[in-house]
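K.L.:
here's a sequence, model it:
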Amino acid sequence: MCVPGETQFVWEIYNSLGEYTLSIVTSSVDYGGARGSNAGDQFHELWALQQILELLSPNTELKAVGVEGVRTEVSVQTADNPTWDGVDCALYYGGTSLETADRVEFAQLKYSAANPEKVWSVARLSENTAKKGNNSVIRRMADDYKDAKARMRQGAPLKIRLVSNQNVSADLIETIDTRWSGSLKNATIDPAIKNNLQNLAKAAGIVENKFQSFLAALDIKDCGSHSRLQ
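P.N.:
Numbering: from 1, shown residues only. Have a look, this model is predicted:
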């Protein structure tokens, strides 16, 4: 089902004369980003399959599900195209591509069989192990957010989901849910939360006037005890 580094699939369901047909679409797909196999492959595949089955619902607005990449209307691949490194699964509602969908959800899937008790924290989301650049989870999410919003229709919602069998710290939840007016530096919020936000903003590489919109797009409800596959 998932073929890392080879093919990105987009499933669509068509209703013709009362019969549903499942088709695999591979054209106009952005294949960027190197992905190797890992211990979470089964978790990835089962989670994606759950989304694909939703396509069979007669009342669903979900039109396509992409695995390992993002489907766009751009047919020519260049070195300047986004790599979509943080997108393990993409859900398209009301349309079948980034540009035509009414709303889009990106899911980054993280599974750990060895350390299921380890929690997601501000520090862990921001951790960068690259000698050059930034490969943190939050940076990948932020880069995908910026690249997607630049291509999507104006006003079309975008959700960035972290799906994991590991829990999220209370501190991270409070940080992501915090809102403020004016500049973050002068915001009258808890100093510890402000420090968390500043660290996240720096790691994400997003300008301050778009940072709150990015935070609002983040969805971490499918982590730990809320994971549908746990």
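K.L.:
and Ser213, what does it touch?
P.N.:
If a contact means Cβ atoms under 8 Å, 6 or more residues apart in numbering, then Ser213 has no contacts. (C-beta placed from N, C-alpha, C; glycine too.)
K.L.:
then Val168?
P.N.:
Val119, Trp120, Ile220, Cys223, Gly224.
K.L.:
among those residues, which ones are in strands?
P.N.:
Using DSSP state E, no member of the contacts of Val168 falls within strands.
K.L.:
in TSV: the residues you listed, plus pLDDT and neighbour count.
P.N.:
Formatted as TSV, those follow (pLDDT from 0 to 100; neighbours: other Cβ atoms under 10 Å):
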residue	pLDDT	neighbour count
Val119	97	16
Trp120	97	20
Ile220	96	20
Cys223	94	22
Gly224	88	18
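K.L.:
and which of these is nearest to Phe43?
P.N.:
For the contacts of Val168, the residue nearest Phe43 by Cβ to Cβ is Cys223; the value is 12.5 Å.
K.L.:
list the pairing partners of the host helix or strand of Ala107 within its sheet, with orientation.
P.N.:
Element membership of Ala107, judged by DSSP states H and E, is strand 103-110. Take DSSP bridges as the rule and strand 103-110 pairs in its sheet with strand 89-93 (antiparallel), strand 158-164 (parallel).
K.L.:
okay, those strands in CSV with mean pLDDT, distance to Thr188 and mean neighbour count next?
P.N.:
Converted to CSV, the strands paired with strand 103-110 look like this (pLDDT from 0 to 100; distance: least, Cβ to Cβ, whole Å; neighbours: other Cβ atoms under 10 Å):
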stretch, mean pLDDT, distance to Thr188, mean neighbour count
strand 89-93, 96, 37, 23
strand 158-164, 97, 27, 22
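K.L.:
what about Glu99, how many residues close to it?
P.N.:
Using other Cβ atoms under 10 Å, the number of residues around Glu99 comes to 16.
K.L.:
excluding chain neighbours, what is closest to it?
P.N.:
Glu73 (4.6 Å; Cβ to Cβ, 6 or more residues apart in numbering).
K.L.:
and stretch 73-88, end to end?
P.N.:
One end of stretch 73-88 sits 19 Å from the other (Cα to Cα, to the nearest Å).
K.L.:
next one: stretch 174-188
P.N.:
15 Å.
K.L.:
so how far is it off the chain centroid?
P.N.:
Remark: stretch 174-188 is offset 23 Å from the chain centroid, using Cα atoms, centre = their mean, to the nearest Å.
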